[in-house]
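Visitor: Attaching a predicted model along with its sequence, questions to come.
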Amino acid sequence: FPDAAFDTACTAFGAVPFVADSAALMREVYRVLRPGARWVFSVTHPMRWIFLDDPGEGGLRAVHSYFDRRPYVEQDDSGTATYVEQHRTLGDRIRELVGAGFRLVDLVEPEWPQGHEGIWGQWSPLRGRLFPGTAIFVAEKPA
């Protein structure tokens with residue numbers, strides 16, 4: 001895409017956690033946005049990386065280092081990676097944005113909705129009421 005081609009860029013749990021060099025991704029998004037444009041993306045909240053993928057009591061115990069940036073990898077029977085997700089801390093993400101030239105407008109950490117009792121994968125009311133599951137970054141390319 002040409003420079004300054006877009007007014008907005010967004011992704012919800014899409015590209016960002018699946019790119020090994022996410023700082024380069026931030027620079028590329030900055031390049032294709034017009035001055036004053038917004039870049040909004042959501043990722044699984046980095047805090048979730050310290051817990052097991054267990055919606056019950058077992059998922060309330062911290063077992064991994066928040067600062068371990070090795071990717072989460074799933075492999076098929078032949079050892080081929082079929083799913084790779086990169087971990088970055090909140091500070092890492094903010095430094096990537098600022099380093100690319102963005103101004104951080106907001107960091108939204110949605111609270112678990114009152115009355116929502118559904119369980120999906122690691123997400124549950126038990127965990128959701130204690131810590132956020134999502135981080136939404138809102139950044140702007142200065143005008």
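Guide: Sure thing, it's come through.
Visitor: ok, which stretches of the protein are helices?
Guide: Assigned by DSSP state H, the helices in the chain fall at 22-32, 90-100, 125-128.
Visitor: got CSV for those helices, with distance to residue 15 and mean neighbour count too?
Guide: Where C-beta positions appear, they are placed from N, C-alpha and C, glycine not excepted. Listed next are these as CSV, based on distance: least, CB to CB, whole Å; neighbours: other CB atoms under 10 Å:
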stretch, distance to residue 15, mean neighbour count
helix 22-32, 7, 18
helix 90-100, 13, 17
helix 125-128, 25, 18
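Visitor: Let's see the pLDDT reported for the residue lying closest to residue 35 once chain neighbours are set aside.
Guide: Sequence neighbours aside, residue 143 is the residue nearest to residue 35 in space, at 4.5 Å (criterion: CB to CB, 6 or more residues apart in numbering). On pLDDT, residue 143 comes in at 95.
Visitor: close enough to count as contact, residue 143 and residue 37?
Guide: No - between residue 143 and residue 37 there is no contact under CB atoms under 8 Å: 9.0 Å.
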